[in-house]
Structure formats: C-alpha cells, structure tokens
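S.K.: Fold the following, please.
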Amino acid sequence: MKKILITGGAGFIGSHVVRKFVTKYPNYQIFNLDALTYAGNLENIADIENAPNYTFIKGDIVDGDFINNLFQEHQFDGVIHLAAESHVDRSITDPLSFVKTNVIGTMNLLNAAKTIWKDNSENKRFYHVSTDEVYGSLGAEGLFTETTSYDPNSPYSASKASSDHFVRAYGETYGLPYVITNCSNNYGTYHFPEKLIPLFINNIINNKPLPVYGDGKYTRDWLFVEDHAVAIDLVYHEGKNHHTYNIGGFNEWQNIDLVKLLCKLMDEKLGRTSGTSEQLITYVKDRPGHDLRYAIDASKINKELGWKPSVTFEQGLEKTIDWYLSNEKWLNNVTSGDYQKYYNEQYN
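M.R.: Sure thing, here's the model as predicted:
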C-alpha cells in the first residue's frame, strides 16, 4: 500500500486534496499532517475521518526532529506539501512566522525525504504546492509562465519563492524527485473567512462593511478549489519529475467587479433588494507592496496532462455561495473559534 503524506490537510485546499485522495485511491494510505493553527479545521474533512485508509497526525513541520521521526516511522512514498502560512496581510505584520513555516518547515520535509529515499528514490515524489505570487506583479498585458523570473513583493511571496528554490536545489543537488505547481487565487467551500470571497460572504450575511483596498482595480485570476484538487491529482501521478506546472482558472477579475458580482448574487440568494449589499462596500487604505495584477498561463498543464477548469467563475462562485448559506453552523464555528474544540472532542 502506497503511503502518502499530505501536509496542511485540514486547511482549505489541503482538505479538498485529502478528500480526493482518500476516496479515489482506497489502495493508498493517506496521512494528513496538520498543526491545526487558526486556518486548520478538522471539521473540513469530518466526512472521511473514519476511512480505513486515512490517518490524521497533529504536528508542526517546523519541528525537525518530529518530522524526521515521522518519516522514519512511516517510510512515506510520496509527499504533497500544502502546509503554509498564506495570508499576505498577516505576513506584513509577522514575517518571521512565514519564514519559519514556509522555509524552515519545507526544509525539514526535504531533509527527511532525502534521508529515507537516499537508497531508492524510484516511484517516490515530493510535490511542492506554491503560488503565482512568487512571480511578482504584471502590468496590463502578459501572463505568468513556468519560466517567468521570480520577483516577490511581500514577505509571504518571498517565503514561498525561497521554498520553491530549495525544492529545486534538492532536486539538482541530491536528485530528489520533485514537482512544483504555482497556482492562482483559490476560492470555494471550506475557506477560512479571512480571504476576500469567504470574508465578504460572511460580512454580507451579517450586514458588515466590505473593505476594498485602494480603488479596487487590482486584478486576480481565480481558480475553483475542486478544480485545483483535480490538477494536483494529475500532476502528482503524471507530471514530469523536476518540472513546474502553473495552474490557473482562466478567470481574470478586478476586485471591485468581483465584489459587485458577489453582492448581486448574495442579494438574490438572500431575497434582498438589488443593490442592498453594494452599499456595504467601503474603500480602505491600500496595503504596502500590493501587486497590481496576477494572471496565469496554464497551457502547459492543459497540453501535457489534459487539465482545464470544469466551471466558469460565475458557476463556481454560485456553488460557493450556496455552500456557505447551507452551512451556517460551520461558518459560525469558524468565526467564533469553536471549530478549534473539534480536535479535542474527536482526538482527546
């Protein structure tokens, strides 16, 4: 039975990846390693926690001895590394925590994998999940490709860029079998409400202000999280060693246009008069180092692996809104902090 370690599997993207691998590959043993910080929520994967091929492990990738012992004990065949500090605003106020988790944590995983695979790396794979933010900011034209030079502008993106470079270095220096993906902004279900879409859904429900940075004309490419999980599955199994694949949603939206669409859909879902939620839009002071535009060229993964998004942004956004409106208990638990009790109740 192939043993795969998924780090950050109680988080937003990680929970979707864990669910897909546990349900799709019953002959794999899936180990979910998560520190259960504020963004890690075991309620995200409660539906598969009793699966016979699933094991949850609470632990921090920053603890090198713990990671080494874990790899020695389980002899993992593969790693899908998603655990990361990921919120740009938090990185501006506390950059060192991003260095510890995103750089040192990744190094600990690389060293452990290198050690147990040193005599036999055949059919082994270290999959590092990264972000398009490592490429910096685009002007009005152009797209990020796999060969775009790195130009990070925030402590978050700098920490992810550093971890990307270490993964490549371990491939070149030690022959570690790896793949890297750089994805655009994810959205979808089970997303902690600090990022734009879940935050604004929650604020609209509660008639709270919708804080839009600057003039709202920052442009992002949006990727439905379930499509991202499909892409990760494909790259893990079929991607070429020592290759990078960009994963994008082919959905560029200026923030203000996205927010207005979200307001329109929320008014319809909540039975409010059209334009009600737009009145909650509040322009706030811009954050430092704010990148103007991200846009992914995902043609490589499309041509080599046949992947493409399954939904339009409008379809994915409507699915996302419907889920949040149907899962008020989850949303209330997350916003109140009660979700953190779940681990103690289930794994005391």
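
S.K.: quick one, phi/psi of T131?
M.R.: The phi/psi pair for T131 (degrees, to the nearest 10) reads phi -130, psi 160.

S.K.: for H81, same thing?
M.R.: phi -100, psi 100.

S.K.: Show me what it bridges to in the sheet.
M.R.: T7, H128 (DSSP bridges).

S.K.: OK, contacts around it?
M.R.: Residues near H81 by CB atoms under 8 Å, 6 or more residues apart in numbering: T7, G8, T106, L109, F126, Y127, H128, V129. For glycine as for every other residue, the C-beta is placed from the backbone atoms N, C-alpha and C.

S.K.: In ChimeraX, select just the buried ones from those.
M.R.: Selection of buried members from the contacts of H81 for ChimeraX, criterion 16 or more other CB atoms under 10 Å:
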select :7,8,106,109,126,127,128,129
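
S.K.: Spatially, which two of the contacts of H81 are the most separated?
M.R.: G8 and F126 (14.5 Å; CB to CB).

S.K.: before we move on, back to that, put together JSON lines for the contacts of H81, with pLDDT on each row.
M.R.: Conversion of the contacts of H81 to JSON lines gives the following (pLDDT from 0 to 100):
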{"residue": "T7", "pLDDT": "98"}
{"residue": "G8", "pLDDT": "98"}
{"residue": "T106", "pLDDT": "98"}
{"residue": "L109", "pLDDT": "98"}
{"residue": "F126", "pLDDT": "98"}
{"residue": "Y127", "pLDDT": "98"}
{"residue": "H128", "pLDDT": "98"}
{"residue": "V129", "pLDDT": "98"}
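
S.K.: Of the contacts of H81, which is the nearest to F192?
M.R.: Nearest to F192 among the contacts of H81, with distances taken as CB to CB, is G8, at 12.1 Å.

S.K.: Not including adjacent chain positions, what is the nearest residue to the closest one?
M.R.: The shortest distance from G8 to any non-neighbouring residue, by CB to CB, 6 or more residues apart in numbering, is to A83 (3.3 Å).

S.K.: Tell me the buried residues in the longest helix along the chain?
M.R.: In the chain, assigned by DSSP state H, the helix with the most residues is helix 155-174. Neighbour counts over helix 155-174 (16+ other CB under 10 Å) mark 155-164, 166-168, 170-171 as buried.

S.K.: need the helices for the stretch 51-200 of the chain, in chain order.
M.R.: Applying DSSP state H, counting those that start in this stretch to the stretch 51-200 of the chain gives helices spanning 64-74, 88-93, 95-98, 105-117, 155-174, 196-205.

S.K.: lowest-confidence stretch among those helices?
M.R.: Least confidently modelled of these is helix 88-93, at a mean of 89 by mean pLDDT.

S.K.: neighbouring contacts of that one?
M.R.: 85, 97-98, 133, 154-157, 159, 194, 287-289.

S.K.: would JSON lines of those with distance to D119 be doable?
M.R.: Compiled in JSON lines, those are given as follows (distance: CB to CB, whole Å):
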{"residue": "E85", "distance to D119": "34"}
{"residue": "S97", "distance to D119": "35"}
{"residue": "F98", "distance to D119": "34"}
{"residue": "E133", "distance to D119": "37"}
{"residue": "S154", "distance to D119": "40"}
{"residue": "P155", "distance to D119": "38"}
{"residue": "Y156", "distance to D119": "36"}
{"residue": "S157", "distance to D119": "36"}
{"residue": "S159", "distance to D119": "32"}
{"residue": "E194", "distance to D119": "43"}
{"residue": "R287", "distance to D119": "48"}
{"residue": "P288", "distance to D119": "48"}
{"residue": "G289", "distance to D119": "44"}
